[in-house]
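> Give the three-dimensional model of this entry:
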Amino acid sequence: MLHELKLIVDLMVEGGIAKQRWSISDTAEYGDYVSGPRVADAHVKENMQAVLKDIQDGTFAKRFMEDQSSGAKEFKELRSKEESHPIEETGRELRSLFAWEQTDEDYTEGTAAR
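Next comes the predicted model:
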């Protein structure tokens, strides 16, 4: 997920939303236009503001640091849960069909662990 987010940020820095849309298929671009507003509505903005508040007031950092100092139980559980998400299995299957091979020697397919 971090790689995808970095790619999105890179595209946004290079050319904004237009460049991001340029980089995807016409089908995905169309989906963005007709479905995006249905997903990213006022509730999303409210939820994002709540997350930002947690970051700004230290709630997020406190939760993270407490979890890390006690062995990262929540972090590891969340990582494990996300690694078993059906989209990960689909991604592995799709990537196996690509012509190129994984080039990151330190990456293990299907895990975010370092």
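
> what's the pLDDT at the residue lying closest to F60 once chain neighbours are set aside?
Of all residues not flanking F60 in the chain, D54 sits nearest, at 4.5 Å (Cβ to Cβ, 6 or more residues apart in numbering). (Each C-beta comes from the backbone N, C-alpha and C, glycine too.) Looking at D54, its pLDDT is 97.

> and D54, how many neighbours?
D54 has 14 neighbours, counted by other Cβ atoms under 10 Å.

> which is the next helix or strand following whichever strand or helix holds it?
Here D54 sits within helix 42-56, counting by DSSP states H and E. Sequence order places helix 59-69 as the next helix or strand after helix 42-56, per DSSP H and E.

> Can you list the helices and strands that that next one packs against?
helix 42-56, helix 73-83 (3 or more Cβ pairs under 8 Å, 6 or more residues apart in numbering; DSSP states H and E).

> May I see those arranged in TSV, with distance to E29 as well?
Conversion of the helices and strands packed on helix 59-69 to TSV gives the following (distance: least, Cβ to Cβ, whole Å):
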stretch	distance to E29
helix 42-56	20
helix 73-83	27
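
> Buried deepest among those, which one?
Among the helices and strands packed on helix 59-69, judged by mean count of other Cβ atoms under 10 Å, the one packed with the most neighbours on average is helix 73-83 (a mean of 12).

> The residue nearest to F60 and T27: what is the separation?
35 Å (Cβ to Cβ, to the nearest Å).

> State the next helix or strand along the chain beyond the helix or strand of the chain with the lowest mean pLDDT.
Using mean pLDDT, DSSP states H and E, helix 2-22 stands out as the lowest-scoring helix or strand of the chain, at a mean of 69. Moving toward the C-terminus from helix 2-22, the next helix or strand (DSSP H and E) is helix 26-39.

> which parts of that next one are buried?
D32 (16 or more other Cβ atoms under 10 Å).

> With that, I have no additional questions.
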